[in-house]
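S.K.: pasted the sequence and its predicted model underneath.
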Amino acid sequence: MSVERKLIITKLNGFLTGEISASEIYEWTLFVAVASDYENLIKNDKLVEQIFQFLMDITKPRSSLVSDKKVLEYFIQCLEDKRKFSQENYQSIILNKPVGAADVSVKPKTRVVVKPATSLGWLVGAAKVYALIFIIISLFLNGVSVMKPDLLVKANEIAPTTGEVWSSALPHLLYGVLILIAMFMKVPKVVFYGFVPVAIWGMFFYWSMATGFVLKYGLSARNILVLLVLMALPPTAAFFVLLNQWFSRLQTLRKK
């Protein structure tokens, strides 16, 4: 018996005896499910995968022909190799009927992929377009500044050095590329979650730049509004888009 299975048995027994509450076992399940090694854990172990799928719904009210206790006892017996796990046997436990009996009233539970709420759909789409326009313009301007450092330098001014140009443009270039990947490319869950800190950093980075401009030049209320729209709010919109995608992925833990 693997170490992982021993831990699962301990958690299930603790829940059955009342030492662990439904919310506590759900939080533990969620913690394991978002870990980087979760995919490897369930890849070749259908029993463990089914257990985690069941525990993800443990706090949700549902109508059932059999108690959770009976299902969890079945899982423990399978983990201890006292019974053989199969989808047919599992469904017979869930539906409380003999294996092979015809199902005329209750269908096996199917996975539902949770999508963002419809009321937020237009807002997420608008935020994505808004952030995309900002990122494209930022990449273009900073890319040009790297390739042509003296493009905007006046005749009586000293052109910036290569190091100065790159130190100024690199944060914008890295941020733009990483956010584009996060918003539009399909990447593994563990990689996707790594983009969230990038989005948070970018949001604070551009807000701090906007605040610096306001403090340095004493802008009017109108110019402050323009500055926020052009510099500070787009990264905030990007963070909102990624946060929405992140919560959607948390609710879609099962593999297709």
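M.R.: Okay, I see it. Residues are numbered from 1 along each chain as shown.

S.K.: what's the spacing between residue 201 and residue 86?
M.R.: According to CB to CB, to the nearest Å, residue 201 stands 48 Å off from residue 86. Every C-beta, even on glycine, is put in place using the N, C-alpha and C of the backbone.

S.K.: oops, could you answer that again for residue 75 instead?
M.R.: For residue 75, the distance to residue 86 (CB to CB) stands at 13 Å.

S.K.: looking at the two, which is more packed in?
M.R.: With neighbours defined as other CB atoms under 10 Å, residue 75 and residue 86 compare such that residue 75 has more, 23 against 13.

S.K.: work out for me the element the closest residue to the more buried one other than its chain neighbours sits within.
M.R.: In space, and not counting its chain neighbours, residue 75 is closest to residue 51: 5.2 Å by CB to CB, 6 or more residues apart in numbering. Taking DSSP states H and E as the definition, residue 51 sits inside helix 46-55.

S.K.: buried sites along the next helix or strand after that helix?
M.R.: For helix 46-55, the succeeding helix or strand toward the C-terminus, using DSSP H and E, is helix 68-79. Of all the residues in helix 68-79, those buried under the rule 16 or more other CB atoms under 10 Å are 68, 71, 72, 73, 74, 75, 76, 78, 79.

S.K.: tell me what helix 68-79 is packed against?
M.R.: Where contact means 3 or more CB pairs under 8 Å, 6 or more residues apart in numbering; DSSP states H and E, helix 68-79 is packed against helix 3-17, helix 46-55, helix 87-95.

S.K.: could you chop this structure up by domain?
M.R.: As recorded under automatic domain parsing, the domains making up the chain are 3-95, 118-250.

S.K.: rank those domains by pLDDT, which is bottom?
M.R.: Note on the domains of the chain: domain 3-95 shows the lowest mean pLDDT, a mean of 81.

S.K.: tell me how far that one is from the chain's mean position?
M.R.: With CA atoms, centre = their mean, to the nearest Å as the basis, domain 3-95 stands 23 Å off its chain's centre.

S.K.: just to revisit the earlier point, quick one: contacts of the helix holding residue 51?
M.R.: With CB atoms under 8 Å, 6 or more residues apart in numbering as the contact definition, helix 46-55 has outside contacts at 4-5, 8, 12, 25-26, 29, 32-33, 41-42, 71, 75, 78-79, 85, 87, 90, 111, 253-255.

S.K.: next one: stretch 145-159
M.R.: Around stretch 145-159, the neighbours that count as contacts under CB under 8 Å, 6+ apart are 144, 160, 161, 162, 165, 166, 168, 169, 173.

S.K.: on that earlier part again, if any of the contacts of helix 46-55 are buried, put those into a PyMOL selection.
M.R.: In PyMOL syntax, the buried subset of the contacts of helix 46-55 is picked out as below (16+ other CB under 10 Å):
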select buried, resi 5+8+12+25+26+29+32+33+41+42+71+75+78+79+85+90+253
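
S.K.: what is whichever strand or helix holds residue 216 packed up against?
M.R.: Taking DSSP H and E as the definition, one finds residue 216 inside helix 189-217. Here helix 189-217 touches helix 162-184, helix 221-227, helix 233-250, going by 3+ CB pairs under 8 Å, 6+ apart.

S.K.: for those, which one sits closest to residue 57?
M.R.: For residue 57, the closest of the helices and strands packed on helix 189-217 is helix 233-250, at 13.9 Å, according to CB to CB.

S.K.: quick revisit: wait, which of the helices and strands packed on helix 189-217 is closest to residue 140?
M.R.: Closest among the helices and strands packed on helix 189-217, once you apply CB to CB, is helix 162-184, at 9.5 Å.
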